[in-house]
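Undergrad: 3D model of this:
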Amino acid sequence: MRLSARNQFNGTVTAIKLGGVMAEITVDIGGGHEMVSAITRESADQLGLHEGSSVTVIVKATEVLIATE
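TA: Next comes the predicted model:
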């Protein structure tokens, strides 16, 4: 995957908190750091996210995205 966003962090999903519409995804990006992103529950389902999933966290000035290969 190629993106113009420069702030990309590879990591592992360590926690998922599901709400009615939203999901809070916690990703361990190494070095003792975690990032948390709120995405729609539908997006979390479509990405097939689960604890242990390898993901890329993409940070833009206005948003934080989660991507899988």
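
Undergrad: Pull the CA coordinates from the biggest strand by length in the chain and hand them back as CSV.
TA: Secondary structure assigned by DSSP state E gives strand 7-18 as the longest strand of the chain. Only the C-alpha atoms of strand 7-18 are listed here, as CSV (Å, rounded to 0.1, in the frame of the first residue of the first chain):
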residue,chain,number,x,y,z
ASN,A,7,3.2,9.6,9.6
GLN,A,8,2.7,5.8,9.4
PHE,A,9,3.4,3.4,12.3
ASN,A,10,3.3,-0.3,12.1
GLY,A,11,1.9,-2.1,15.1
THR,A,12,-0.3,-4.7,16.7
VAL,A,13,-3.8,-4.4,17.9
THR,A,14,-3.8,-4.9,21.7
ALA,A,15,-7.4,-4.0,22.6
ILE,A,16,-10.8,-3.4,20.9
LYS,A,17,-13.7,-1.7,22.8
LEU,A,18,-16.9,-2.1,20.8
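
Undergrad: which parts of it are buried?
TA: Across strand 7-18, burial judged by 16 or more other C-beta atoms under 10 Å covers 9, 11, 13. For every residue, glycine as well, the C-beta is placed using N, CA and C.

Undergrad: Give me the helices and strands touching that strand, please.
TA: Counting contacts by 3 or more C-beta pairs under 8 Å, 6 or more residues apart in numbering; DSSP states H and E, strand 7-18 packs against strand 22-30, strand 33-40, helix 41-47, strand 54-59.

Undergrad: How far does the third one sit from its chain's centre?
TA: Spelled out, it's helix 41-47. 11 Å (C-alpha atoms, centre = their mean, to the nearest Å).

Undergrad: CA atoms only: put it into PDB for me.
TA: Extracted in PDB, the C-alpha atoms of helix 41-47 (Å, rounded to 0.1, in the frame of the first residue of the first chain):
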ATOM      1  CA  ARG A  41     -17.700  -0.600  14.200                       C
ATOM      2  CA  GLU A  42     -18.500  -1.400  10.600                       C
ATOM      3  CA  SER A  43     -15.000  -0.400   9.500                       C
ATOM      4  CA  ALA A  44     -13.500  -2.500  12.300                       C
ATOM      5  CA  ASP A  45     -15.600  -5.500  11.100                       C
ATOM      6  CA  GLN A  46     -14.700  -4.900   7.400                       C
ATOM      7  CA  LEU A  47     -11.000  -4.800   8.300                       C
END
